[in-house]
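Enquirer: only geometry, no sequence info:
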DNA sequence: CAGGATCCTACACGATACTG
DNA sequence: CAGTATCGTGTAGGATCCTG
């Protein structure tokens, strides 16, 4: 987790960013929203390249922040299910706006990068 | 900068998050939006606790991504001014939504945290 | 299955110089 | 003023092994 100390002094939305947009949280919330309630392994399989340790950490964080719920079934083998909470669901329109912005502007960012790189490094390979 | 490799496989908004919500970017964009075009030192003074090195890095990144513009005046002493670009400005409604969510839900997050901590650690000091 | 415990490493960031 | 360069470090995250 980021140290949450100072950036917020200059910016009222920094606290939200720390909660909602720290690493791996958007993929987790996204697949939870897309595929509904599911188990640890399913999340692990859908979010490629995340390690179980980190997945656990992020799930704990999201649970603590009230964005998801964790349900433990004391069976053999044990079964744990994760689901978006009401609070987590309230982020949906925000995510939709973000997706819209992505659609509209991501290629502009790419163009800006290309232009910048072309200007700043006229003839270098790497 | 985050390594931008894998999370996006599971989540279409991950690329946007890397661009817009990486560390210090929201404070920078925020004060640029609030106070308009300004110089390096002004940014440094308003965003408390950021070091010049990191501020430079983030400004370069934002410039490369086309979210801000950098204007260099070859004077003595030199003067450099930063300003939000049109593309950066297009994030304004998004940020407003985020601020709204913060107002509505930040205390719920706090409550969730308190409840979680109370339940998980019934009697520990640290 | 769902993780906890350990060990290790990379890199983001801080601190401190120094320049055009 | 507006940065770069260099060095040192904390910690998030990866890899591996182990358990209820």
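Expert: Now that the structure is in, tell me what you want to look at. As the structure is a prediction and not an experimental result, all values here were calculated from the model. Numbering: from 1, shown residues only, chains lettered A, B, ... in the order given.

Enquirer: residue in chain A nearest to DNA strand D?
Expert: Nearest residue of chain A to DNA strand D (CB to the nearest atom of the strand) works out as residue A:23 at 3.2 Å. Every residue, glycine included, has its C-beta placed from N, CA and C.

Enquirer: What number of residues are in the vicinity of the residue lying closest to residue A:83 once chain neighbours are set aside?
Expert: Leaving aside its sequence neighbours, residue A:83 sits nearest to residue A:37 (CB to CB, 6 or more residues apart in numbering or on different chains; 4.1 Å). For residue A:37, the count of nearby residues is 13 (other CB atoms under 10 Å in any protein chain shown).

Enquirer: since we're on the residue of chain A closest to DNA strand D, how many residues are nearby?
Expert: So residue A:23, with other CB under 10 Å, has 18 neighbours.

Enquirer: The residue nearest to residue A:83 contacts residue A:82, doesn't it?
Expert: Yes. Contact criterion CB atoms under 8 Å: residue A:37 and residue A:82 qualify, at 7.0 Å.

Enquirer: what's the pLDDT at the residue of chain A closest to DNA strand D?
Expert: pLDDT for residue A:23: 90.

Enquirer: mind listing what residue A:42 touches?
Expert: residue A:35 (CB atoms under 8 Å, 6 or more residues apart in numbering or on different chains).

Enquirer: Okay, now the unreliable bits of chain A?
Expert: By pLDDT under 70, the low-scoring segments of chain A are A:1-10, A:121-126.

Enquirer: For it, which segments are assigned as strands?
Expert: Ranges of strands within chain A are A:38-39, A:68-73, A:79-84, based on DSSP state E.

Enquirer: Skip the chain neighbours and tell me the closest residue to residue A:21.
Expert: Using CB to CB, 6+ apart, the closest residue to residue A:21 is residue B:21 (4.2 Å).

Enquirer: For the nearest residue to residue A:19 once chain neighbours are set aside, what are phi and psi?
Expert: Computed as CB to CB, 6+ apart, the closest residue to residue A:19 that is not its neighbour in sequence is residue A:65, at 5.5 Å. Torsion angles at residue A:65 (phi, psi; degrees, to the nearest 10) stand at phi -80, psi 0.

Enquirer: Nearest residue to the middle of chain A?
Expert: residue A:26 (1.7 Å; CA atoms, centre = their mean).

Enquirer: Which stretches in chain A count as helices?
Expert: A:7-10, A:14-20, A:25-35, A:40-46, A:52-64, A:86-89, A:92-120 (DSSP state H).

Enquirer: quick check: angle from the longest one to helix B:52-64?
Expert: The reference is to helix A:92-120. Here helix A:92-120 runs at 90 degrees with respect to helix B:52-64, directions being taken by axes from the mean of the first three to the mean of the last three CA atoms, to 10 degrees.

Enquirer: buried set for helix A:92-120?
Expert: A:94, A:95, A:98, A:101, A:102, A:105, A:108, A:109, A:112 (16 or more other CB atoms under 10 Å in any protein chain shown).
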